[in-house]
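In: Return a 3D structure for these sequence lines:
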Amino acid sequence: MVLFEAGRHDRPKPGEMLAAVAQGLLRQLGVWTPFVAAAFVDNRAVVSAWAGEAFDERHSIFSAQGGGWQLDRARFDQLLIQAAAAAGAQVRLGSEVRSAVREGQGWRLNLADGDIVASAVIWATGRSWRLARSFGAKLRAHGHLAAYTRFFDRAPGNCRVVIEARPEGWWYSADLPDRRRVVACLTDPDLGSELRDPKSWYRALAATQLIAPLLPPGARETATLVKSAGTATVDPAAGERWVAAGDSLFAADPLSSRGIVHALRSGILAAYAASDMVDGRDELARTRYAMIASQGFADYASALANHYAAAARWDTAFWQRRRHQPEERAAYQERGA
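Out: Residues are numbered from 1 along each chain as shown. Model prediction:
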């Protein structure tokens, strides 16, 4: 098995929240011990000002599964890469797959330093869907959202994730290992272009009630990222000797906090499907994987729409787009949600 990774995990990366339910998946992958040794930040509570100005604090001690973790994402990804190499995978960092063409029963993958022929391919390139055309898959965007993110050091915290709805969208912050912190504003791409300008971003931050006080006077900005964060899926989930996994299969809105757990679970299932394909059970593998993938998305869209609608208390473009229409609101109330 060969694992191609376009990057080298040497830069800050968004996606810090890992739910407690991931523990079983990490154990299944055999990385629980090194994960514990990495000493990521234990999440103790989620603080939010969402449906109103008053804030709500949900402590992890009241969760049956615990509170999860706040990750240094680059270090977490390095941990998984090291585990794959220890398990026998050949790891090639800085190797982007440019295209894929069918060859025999498998695929010829084109990379900068040559081609390689694979019996089956697990397609897990995150929110880069360049290979969709090669595999004959169609990308479906269910919503548009962008994250305008800045990382800081000298900004210690108290193991809490903080979320605040604002007229322009919503803000998010979490303290990270080594006294670092991530702060992000999420809004629609056509509404947030000015947030690329540091003055506009910091001006919007200053208007927040819960997020701005998290940055002490000595905090130092270390990195800036602007990334797509909307919901997207591909169809089909699997094809002739290929299987989509992680964000390539289903990229979730960060508000759902399900991105990394979904990536771990779908990666494990994709490995089983690819193994079945190589063993000649192609049709069974595709059918079973597509059914599991569709179940993972079934309740997501309505739950996310209802959560956004609960915070739509401003007459701004971002929230106007997320309000329930009158008939949707009536159905929602009728269900007692």
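In: contacts and neighbour counts: CA atoms only from here.
Out: OK.
In: Could you give the backbone dihedrals for the residue most central in space within the chain?
Out: Centroid-nearest residue in the chain, with CA atoms, centre = their mean: G259, separated by 3.4 Å. Here is the backbone geometry of G259 (degrees, to the nearest 10): phi -60, psi -50.
In: For it, give me its contacts.
Out: Going by CA atoms under 8 Å, 6 or more residues apart in numbering, G259 touches G15, G246, D247, A251, A252, D253.
In: Show the contacting residues for the third one.
Out: Think D247. Contacts of D247 (CA under 8 Å, 6+ apart): A124, T125, G126, R127, G259, A263.
In: can you redo the residues you listed as TSV with distance to A85 and secondary structure?
Out: Listed next are those as TSV, based on distance: CA to CA, whole Å; DSSP: H, G, I helix; E, B strand; the rest coil:
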residue	distance to A85	secondary structure
A124	17	coil
T125	18	coil
G126	20	coil
R127	24	coil
G259	23	helix
A263	19	helix
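In: quick one, helices of the stretch 1-150 of the chain?
Out: Using DSSP state H, counting those that start in this stretch, the helices found in the stretch 1-150 of the chain span residues 22-28, 32-37, 73-86, 132-135.
In: what residues are up against T222?
Out: Applying CA under 8 Å, 6+ apart to T222 gives the contacts R150, F151, F152, D153.
In: Quickly name whichever of those is closest to V2.
Out: Closest approach to V2 among the contacts of T222 (CA to CA): F151, at 32.4 Å.
In: Please, where are all the strands along the stretch 151-300 of the chain?
Out: For the stretch 151-300 of the chain, the strands defined by DSSP state E, counting those that start in this stretch occupy 160-166, 169-176, 180-187, 220-228, 232-235, 238-239, 242-244, 250-251.
In: Of these, which stretch is the most buried?
Out: Comparing the strands of the stretch 151-300 of the chain by mean neighbour count (mean count of other CA atoms under 10 Å), strand 242-244 comes out on top with a mean of 27.
In: which helices and strands does that strand pack with?
Out: strand 121-123, helix 259-278 (3 or more CA pairs under 8 Å, 6 or more residues apart in numbering; DSSP states H and E).
In: Residues touching that strand, excluding its own?
Out: By CA under 8 Å, 6+ apart, strand 242-244 touches A120, V121, I122, W123, A124, F135, A237, A238, A270, A273, A274.
In: cutoff 7 Å now
Out: Strand 242-244 has contacts (CA atoms under 7 Å, 6 or more residues apart in numbering) with A120, V121, I122, W123, A124, A237, A238, A270, A274.
In: With stretch 125-143 instead?
Out: So stretch 125-143 is in contact with 99-101, 230-236, 246-248, 251, going by CA under 7 Å, 6+ apart.
In: any idea how far that stretch is from the chain center?
Out: 16 Å (CA atoms, centre = their mean, to the nearest Å).
In: quick one: buried residues of it?
Out: For stretch 125-143, a neighbour-count test (16 or more other CA atoms under 10 Å) marks T125, R127, W129, L131, A132, F135, A137, L139 as buried.
In: of all these, which two lie farthest apart?
Out: Using CA to CA, the two most remote members of the buried residues of stretch 125-143 are R127 and F135, lying 15.6 Å apart.
In: quick revisit: reformat the strands of the stretch 151-300 of the chain into a markdown table and put mean pLDDT and distance to R75 next to each item.
Out: Below are the strands of the stretch 151-300 of the chain laid out as a markdown table (pLDDT from 0 to 100; distance: least, CA to CA, whole Å):
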| stretch | mean pLDDT | distance to R75 |
| --- | --- | --- |
| strand 160-166 | 97 | 19 |
| strand 169-176 | 96 | 11 |
| strand 180-187 | 97 | 13 |
| strand 220-228 | 96 | 16 |
| strand 232-235 | 95 | 26 |
| strand 238-239 | 96 | 30 |
| strand 242-244 | 97 | 24 |
| strand 250-251 | 95 | 21 |
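In: would TSV of those strands with distance to E194 be doable?
Out: Listed next are the strands of the stretch 151-300 of the chain as TSV, based on distance: least, CA to CA, whole Å:
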stretch	distance to E194
strand 160-166	16
strand 169-176	13
strand 180-187	11
strand 220-228	12
strand 232-235	24
strand 238-239	39
strand 242-244	34
strand 250-251	25
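In: returning to what we had before: most neighbours per residue, which of the helices and strands packed on strand 242-244?
Out: Of all the helices and strands packed on strand 242-244, strand 121-123 has the most neighbours on average by mean count of other CA under 10 Å, namely a mean of 22.
In: any chance of the helices and strands packed on strand 242-244 in JSON lines, plus mean pLDDT and distance to R323?
Out: Shown next, in JSON lines, are those (pLDDT from 0 to 100; distance: least, CA to CA, whole Å):
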{"stretch": "strand 121-123", "mean pLDDT": "97", "distance to R323": "35"}
{"stretch": "helix 259-278", "mean pLDDT": "96", "distance to R323": "24"}
